[in-house]
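In: My questions concern the predicted model and sequence given below.
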Amino acid sequence: MGYGREIRYNQRNGKPDDFVAGSGEKGVPGNKKSERADRLIRFKTGRRKVRKMSMWTASYQRNMILEEIKKWIQEEKEEEYGRFLRRIVPNLEAGQIQGVRTPKLRKYAKELSRRGEIGEFLTALPHGSFEENQLHAFLLEGEKEYGVCLEKLEIFLPYVDNWATCDQLSPKIFKKHRRQLLERIPDWLASQKTYTVRYGIGMLLIHFLEEDFQEEYLDWVAQVDSEEYYVNMMIAWYFATALAKQYRQAILYLEAGRLPRWVHNKTIQKGIESNRISKETKDYLRSLRR
């Protein structure tokens, strides 16, 4: 009976160097050019053993890519920028934020996307730092297949724990699949997870306030009932943006007092601060404060 695969173990550290194809014929040596002084272990292929080695390899790859990413973050962090981030993302513990700038994270994510083992990082949830979550978001942004992107997004969303990662997670492929994306938004809005709800509102803001706008989407957002600051702030942002892009329909929600008082007044504040709203409209918005 032939041998399926061989594993070459390094005598110095006891770890496997690589997989070497077996000869397939008993008694015939493998590739002698690759043979070293290492101890060579041969075993007959069997599902259990192949599965065990496959699991070992996946675990080894995961540890390697995770350690590499953590090391890169430590090398690229800036203490002053870290202090700045901790002020604007106050819900995270100080130790979770290292201080790596967004352009660097985006560039590194692009490099990582070419690595076959990056899937091991994407499934290593929850991540331990803000920067790892940012890298995850930027990796998803570059995904070119809608179905694959959505599947990975659904896995990641429950672990998003801050407004910055939530708002910067905007895959480019969604622009070409708005109809399919729309089907997922009601479920996100009904979630018990703060940043999943915020994400759903954000997707309506980015993709459905112009040519694909329907008045019912305003209702979807207005009906979100939450005590969470980061959800209510996004509702206000949504309606303030709607005032700039779909004024005739959006103003009715303020005139009728259909939004909670805090959201109502925050919407007016953001509208007044906007450069896309006329002075006359801003004066009218001031008169609607509650």
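Out: Perfect, I can see it now.

In: From what I see, residue 92 and residue 162 are in contact.
Out: Yes: using CB atoms under 8 Å, residue 92 makes contact with residue 162 at a distance of 5.6 Å. The way it works is simple: take the backbone N, C-alpha and C, and place the C-beta from them, glycine included.

In: Tell me which of the two has more neighbours.
Out: residue 162 (21 against 17; other CB atoms under 10 Å).

In: show me the contacts for the more buried one.
Out: Neighbouring residues of residue 162 by CB atoms under 8 Å, 6 or more residues apart in numbering: 89, 91-92, 130, 133, 195.

In: Just the buried ones from these?
Out: Buried positions within the contacts of residue 162, assessed by neighbour count (16 or more other CB atoms under 10 Å), are 89, 92, 130, 133, 195.

In: which one of those residues is nearest residue 223?
Out: residue 195 (18.7 Å; CB to CB).

In: Against which helices or strands is the host helix or strand of the closest one packed?
Out: According to DSSP states H and E, residue 195 maps onto helix 194-207. On a contact count with 3 or more CB pairs under 8 Å, 6 or more residues apart in numbering; DSSP states H and E, helix 194-207 meets helix 163-168, helix 178-189, helix 216-222, helix 229-245.

In: Let me know the angle separating the last one from helix 178-189.
Out: Using axes from the mean of the first three to the mean of the last three CA atoms, to 10 degrees, one finds that helix 229-245 and helix 178-189 are set 140 degrees apart in direction.

In: which residues sit in contact with the most centrally placed residue in the chain?
Out: The structure's the chain has its C-alpha centroid closest to residue 137; by CA atoms, centre = their mean the separation is 2.9 Å. Neighbouring residues of residue 137 by CB under 8 Å, 6+ apart: 156, 160, 165, 168-169.

In: cool, and residue 133?
Out: Residue 133 makes contact with 127, 159-162, 165, according to CB under 8 Å, 6+ apart.

In: filter those residues to the buried ones?
Out: Of the contacts of residue 133, these count as buried by 16+ other CB under 10 Å: 127, 160-162, 165.

In: rewinding a little: the residue nearest to the centre of the chain: helix or strand, and which one exactly?
Out: helix 130-141.

In: List the buried residues in the helix or strand following that helix.
Out: Going down the chain from helix 130-141, the next helix or strand is helix 146-156, by DSSP H and E. Under the neighbour-count criterion of 16+ other CB under 10 Å, helix 146-156 has 149-150, 152-153, 156 buried.

In: if we can go back for a sec, anything in contact with each of residue 92 and residue 162?
Out: Common neighbours of residue 92 and residue 162 (CB under 8 Å, 6+ apart) are residue 130.

In: where's residue 266 relative to residue 290, distance?
Out: 11 Å (CB to CB, to the nearest Å).

In: Those two - which one has more neighbours?
Out: residue 266 (19 against 11).

In: Would you double-check that that one falls in a helix?
Out: Yes: secondary structure of residue 266 (DSSP: H, G, I helix; E, B strand; the rest coil): part of a helix.

In: what's near enough to touch it?
Out: 232-233, 236.

In: neighbouring contacts of stretch 111-127?
Out: Residues contacting stretch 111-127 (CB under 8 Å, 6+ apart): 58, 61-62, 64-66, 69, 132-133, 135-136, 139, 142, 152, 155-156, 159, 161.

In: one step back: number of residues surrounding the closest residue to the residue nearest to the centre of the chain other than its chain neighbours?
Out: Nearest residue to residue 137 in three dimensions, chain neighbours excluded: residue 169, at 4.0 Å (CB to CB, 6 or more residues apart in numbering). A count of nearby residues for residue 169, using other CB under 10 Å, gives 22.

In: The one 10 residues further on now?
Out: By the criterion of other CB under 10 Å, residue 179 has 8 neighbours.

In: now swap in the one 5 residues further on and tell me
Out: Neighbouring residues of residue 184 were enumerated by other CB under 10 Å; the total is 14.

In: again with the one 3 residues further on
Out: Counted with other CB under 10 Å, the neighbours of residue 187 add up to 11.

In: And residue 176, by the same measure?
Out: With other CB under 10 Å as criterion, residue 176 counts 10.

In: need the contact list for it.
Out: Residue 176 touches residue 146, counting by CB under 8 Å, 6+ apart.

In: how far away is it from residue 146?
Out: Residue 176 sits 7 Å away from residue 146, going by CB to CB.
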